[in-house]
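*Asks:* attaching a predicted model along with its sequence, questions to come.
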There are 2 protein chains.
Amino acid sequence: MSELQFSPRPDKKELDESRAFSPKFDANGLIAAMAIDHASREPLMLAYMNEESLKMTLEKGEAVYYSRSRQELWHKGATSGHTQEVHEIRTDCDQDALILYVEQVGAGACHTGRGSCFYRRIEGPDGTLAPTGEGRAFDPDAVYGTS
Amino acid sequence: MSELQFSPRPDKKELDESRAFSPKFDANGLIAAMAIDHASREPLMLAYMNEESLKMTLEKGEAVYYSRSRQELWHKGATSGHTQEVHEIRTDCDQDALILYVEQVGAGACHTGRGSCFYRRIEGPDGTLAPTGEGRAFDPDAVYGTS
């Protein structure tokens, strides 16, 4: 078990200016984390961390998330080799969200083979999606096996 | 009520490549949305939307969130005048997260008076926070009133 302990949550006003890290985990024990490429500043993926995975991320220097669908710790890249080396972590005013500036090892962050998971934009109020133009950076079947 | 209807969720493989927008709302009816400045590409804030606020966002072209703490619709800027004009919305591979590229009207997105809510970074594994250097862009007491 980690020896790292987060600070207790102070009141709201103090939280905004505090130098103590007091992350807020929601009713399911999770906090949202957006991974952004530290060099290009392009968003890569949005995932969640529980307390244990956040501590592991801080200690390893590699992104460890918590998979909501599989309900287990998710060391990003453990299967694909596409780990995320953490350069910087930021938190927001009320400390209930995180940004990870990372170096994405390997060709991409997305299981579809793309560099970023955000490869489609909404075209109009009818909700049709259009590709942003980003193609596959790797072949997912070769990396993850055929499904 | 909005007449906008989102598509039903297809199976996982189809979802990744679909041109239909089928956002996934969690057990609380929410989806995470990261607002990013469309010009500077700097992240501004992370908040949540329910189905109604997402539809309102698409129809108004301004960001409408759902406040988890107040449990109500939150038309960003309704109090401060600091609305967010939506330039583009992206969704991710499994369509359970959103990025809003916005033009932040007024001086900043954060209730503390800063341009971005992500104004502190974690300095090391002990979890001390350090300012990123971003100062206040406006006086929050003048905009929101003293608390």
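*Replies:* Looks like it arrived, so ask away.
*Asks:* secondary structure class for the residue sitting furthest away from the middle of chain A?
*Replies:* Most distant residue from the mean C-alpha position of chain A: A:Asp126, 29.2 Å away (CA atoms, centre = their mean). Under DSSP: H, G, I helix; E, B strand; the rest coil, A:Asp126 falls in the coil class.
*Asks:* residue contacts, it?
*Replies:* Residues near A:Asp126 by CB atoms under 8 Å, 6 or more residues apart in numbering or on different chains: B:Leu4. All C-beta atoms are positioned from the backbone trio N, CA, C, and that covers glycine.
*Asks:* could you check the pLDDT of it?
*Replies:* Note on A:Asp126: pLDDT of 70.
*Asks:* what does A:Gly145 give?
*Replies:* On the pLDDT scale, A:Gly145 gets 67.
*Asks:* pull out the buried positions in the longest helix anywhere in chain A.
*Replies:* Counting residues, the longest helix found in chain A (DSSP state H) is helix A:51-60. Neighbour-count burial for helix A:51-60, counted by 16 or more other CB atoms under 10 Å in any protein chain shown, picks out A:Glu51, A:Ser53, A:Leu54, A:Lys55, A:Met56, A:Thr57, A:Leu58.
*Asks:* kindly reformat these as a markdown table containing pLDDT.
*Replies:* Output for those, formatted as a markdown table (pLDDT from 0 to 100):
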| residue | pLDDT |
| --- | --- |
| A:Glu51 | 97 |
| A:Ser53 | 98 |
| A:Leu54 | 97 |
| A:Lys55 | 95 |
| A:Met56 | 96 |
| A:Thr57 | 96 |
| A:Leu58 | 95 |
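*Asks:* so which of those residues also contact chain B?
*Replies:* A:Leu58 (CB under 8 Å from any CB of the partner chain).
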